[in-house]
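Student: Pasting the sequence and the predicted coordinates here, then a few questions.
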Amino acid sequence: MSKKGVLIEENIGLVHACCKRFKNRGIEYEDLFSAGCLGLVKAGKNFDSSRNLQFSTYAVPVILGEIKQLFRDSGTVKVSRSLKELSLKAKKVCDEYMRENGCDIPVSTLAQKLNCSAEKAVDALNCCQFPLSLTSEKDEDSDSFLDIPVDSGEEKLTEKMSLAQAVNQLESKDKSLIILRYYKQKTQSQTAKELGMTQVQVSRREKKILTAIRQKLTV
């Protein structure tokens, strides 16, 4: 298998990650996956490793582009009634948490309060984000329009996927440490207890891991 073929095969997880953003939107997952795979293949063929750019950073926008084209070809994005109802509950929980704590609710906490999976909670949050028109009328008596820049969120998604990829490549114990600290919101003391380490060891190791991840993401 060629180097680009291996690159594509090793990064099939990017397709699944992108497809999950569009579940329950009116198109079957298999069709989303097929479009995403087409984007991954295009990204693999056109990727230039000499640019010192992570493949995931280059591939995600290409994959999302193919999936979005699928929606453009099929018409308006549809959302199931159950997801709409869950999104209303999610918005209420998020607003209450913000008032009480002054910060956004962690996905794990939201999922627990909604009695659903973290993946379903993310779908509900995405459903709360209503689309904004790319154009807005300048005034009532004019036919001209004013362009409105809209953040697609692709850059943030790419960063998250690159981070997830970097974490997955860590050694088993280092990966567990990061998951406990930053995904399960455990304290250093709680993490140390679960991993059979001291709090000082966790603190030192955590700093080294984060430094390594930052270096990897800025290559």
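Tutor: Perfect, I can see it now. Predicted model, so just to flag it, every value in this text is computed and none were measured.

Student: Just give me the neighbour total for the nearest residue to residue 49 once chain neighbours are set aside.
Tutor: With CB to CB, 6 or more residues apart in numbering as the criterion, residue 49 has its nearest non-adjacent residue at 7.9 Å, and that residue is residue 55. Heads up, the C-betas are built off the backbone N, CA and C, glycines and all. When neighbours are defined as other CB atoms under 10 Å, residue 55 has 20 of them.

Student: State the distance from residue 55 to residue 82.
Tutor: 36 Å (CB to CB, to the nearest Å).

Student: same question, residue 99
Tutor: For residue 99, the distance to residue 82 equals 27 Å [CB to CB].

Student: Those two: which has the busier surroundings?
Tutor: residue 82 (11 against 8).

Student: which other residues reach the helix or strand where the more buried one lies?
Tutor: According to DSSP states H and E, residue 82 maps onto helix 81-101. Residues outside helix 81-101 that contact it (CB atoms under 8 Å, 6 or more residues apart in numbering): 24, 79, 103-105, 109-110, 113-114, 116, 120-121, 123-125, 127-128.

Student: Can I have the buried ones of these as a ChimeraX selection?
Tutor: Only the buried entries of these go into this ChimeraX selection, using 16 or more other CB atoms under 10 Å:
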select :24,105,109,110,113,114,116,120,121,123,124,125,127
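
Student: Helices - which of the contacts of helix 81-101 land there?
Tutor: 109, 110, 113, 114, 120, 121, 123, 124, 125, 127, 128 (DSSP state H).

Student: in the protein, which ranges drop under the pLDDT threshold?
Tutor: 1-2, 74-80, 126-162, 217-219 (pLDDT under 70).

Student: Could you rerun that using 80?
Tutor: 1-7, 24-26, 48-54, 71-84, 99, 101-104, 107-108, 118-166, 215-219 (pLDDT under 80).

Student: What are the boundaries of the helices in it?
Tutor: So, for the chain - with DSSP H - the helices run 3-10, 12-20, 29-46, 55-74, 81-101, 107-114, 118-128, 154-168, 172-178, 188-195, 199-217.

Student: Tell me the buried residues in the fourth one?
Tutor: Using 16+ other CB under 10 Å as the burial criterion, the residues of helix 55-74 that qualify are 55-68, 70-71.

Student: And for the shortest one?
Tutor: Using 16+ other CB under 10 Å as the burial criterion, the residues of helix 172-178 that qualify are 174, 177, 178.

Student: Contacts for it, please.
Tutor: Residues from elsewhere that reach helix 172-178 (CB under 8 Å, 6+ apart): 167, 168, 170, 191, 194, 195, 202, 205, 206, 209.
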